[in-house]
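Student: Build me a structure from this.
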Amino acid sequence: MLNRRLASLIAAVSVAGLAATGCAEQSAAVRVDDATVSRSDFEDQLDIVYENDDLRAFLFQAVDRSQLRAEGDPSGSFRQEYVGAMATLQVQFLVAAQALENEGLELTDDDRAGVIDQLDQGVPDGFESLPQGFRDDLVDGIAAFDKLQSELGEEGFTVAVGEVVDAADIEVSSRYGSWDPDQFTVTPPPGPAPAPGAGDDETGLTPG
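Tutor: All right, here's what the predicted structure looks like:
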């Protein structure tokens with residue numbers, strides 16, 4: 001279950017129409033128009049959130065490690081529900097960034113500082129130890145939500161995000177699931193996600 005702040009984007013755009021077409025590079029896990037998250041970065045993030053109990057509690061509600069990897073599964077292999085939730089989160093962050101740009105809004109140091117304070121409290125022993133790239137993406141993604149909602153209000157936030165997803169090409173690698181435009185979420189394929197580096201027949205991006 002996503003943190004309420006993050007889940008609010010799903011609720012905001014669930015009734016919006018989506019256009020998701022086109023092709024993308026095989027190395028991408030998630031793509032929203034020209035913005036991408038690479039497969040290597042995404043799989044690193046799966047490991048990071050799995051290992052960090054405080055961060056996992058900050059992002060999700062009442063989720064422990066046993067719910068993310070079945071007993072006996074190899075290291076680097078995760079339940080597809082977890083993989084789908086993380087992929088959905090990446091789509092949310094990319095959509096929020098595009099909505100900021102469309103509205104002519106920019107994140108400030110103060111915007112980021114407020115999120116960093118929240119993360120310092122929620123992940124007291126581990127936030128600074130996170131890889132800088134992931135840490136920066138997390139701060140900017142959450143700060144984008146807060147900025148849009150504070151500047152536009154709930155109704156304006158819904159409209160701004162809906163306009164982005166209505167026009168965007170949103171794609172998710174078939175390795176991690178498929179994009180569901182009606183529910184604005186990633187629907188996982190059956191079975192555990194393959195361990196990073198494992199062979200698979202479908203490594204391209206599958207449009208929703």
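Student: Please enumerate the strands of this structure.
Tutor: Here the chain has its strands, by DSSP state E, at 28-32, 35-38, 170-173, 178-180, 185-187, 205-207.
Student: Now for Ser174, how many residues are close by?
Tutor: The number of residues packed near Ser174 is 16, by other Cβ atoms under 10 Å. C-beta: built from backbone N, CA, C; applies to glycine.
Student: List phi and psi for it.
Tutor: phi -60, psi -20 (degrees, to the nearest 10).
Student: For Asp182, see how far away it is.
Tutor: Ser174 sits 18 Å away from Asp182, going by Cβ to Cβ, to the nearest Å.
Student: per-residue confidence at the residue nearest to Pro188 when sequence neighbours are not counted?
Tutor: Excluding the flanking residues, the one nearest Pro188 by Cβ to Cβ, 6 or more residues apart in numbering is Gln80, at 3.2 Å. According to the prediction, Gln80 has pLDDT 85.
Student: again with Gly104
Tutor: 97.
Student: Okay, it and Ser66: tell me how far apart.
Tutor: Counting by Cβ to Cβ, the gap from Gly104 to Ser66 is 45 Å.
Student: do the same with Asp47
Tutor: Separation of Asp47 from Ser66 (Cβ to Cβ) stands at 16 Å.
Student: Any idea which helix or strand in the chain has the lowest mean pLDDT?
Tutor: Taking mean pLDDT, DSSP states H and E as the measure, the chain has strand 205-207 as its least confident helix or strand, at a mean of 36.
Student: Just the helices from the protein, written as ranges.
Tutor: 4-13, 39-51, 53-59, 80-102, 109-122, 132-167 (DSSP state H).
Student: Which secondary structure elements does the shortest one sit against?
Tutor: Identification of packing neighbours for helix 53-59 by 3 or more Cβ pairs under 8 Å, 6 or more residues apart in numbering; DSSP states H and E yields helix 39-51, helix 109-122.
Student: gap between it and the chain center?
Tutor: Mean-position distance between helix 53-59 and its chain equals 14 Å (Cα atoms, centre = their mean, to the nearest Å).
Student: what does it contact?
Tutor: Here helix 53-59 makes contact (Cβ atoms under 8 Å, 6 or more residues apart in numbering) with 2-3, 6, 48-50, 63-65, 68, 89, 119, 122-127, 130.
Student: now these: which count as buried?
Tutor: 2, 6, 48-50, 63, 68, 89, 119, 123, 126-127, 130 (16 or more other Cβ atoms under 10 Å).
Student: Format those as a markdown table; extra columns: distance to Ala113 and pLDDT.
Tutor: Converted to a markdown table, the buried ones among the contacts of helix 53-59 look like this (distance: Cβ to Cβ, whole Å; pLDDT from 0 to 100):
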| residue | distance to Ala113 | pLDDT |
| --- | --- | --- |
| Leu2 | 24 | 42 |
| Leu6 | 20 | 50 |
| Ile48 | 22 | 91 |
| Val49 | 23 | 90 |
| Tyr50 | 28 | 90 |
| Val63 | 28 | 77 |
| Leu68 | 31 | 86 |
| Leu89 | 22 | 91 |
| Leu119 | 11 | 89 |
| Val123 | 16 | 86 |
| Gly126 | 19 | 71 |
| Phe127 | 13 | 79 |
| Leu130 | 17 | 86 |
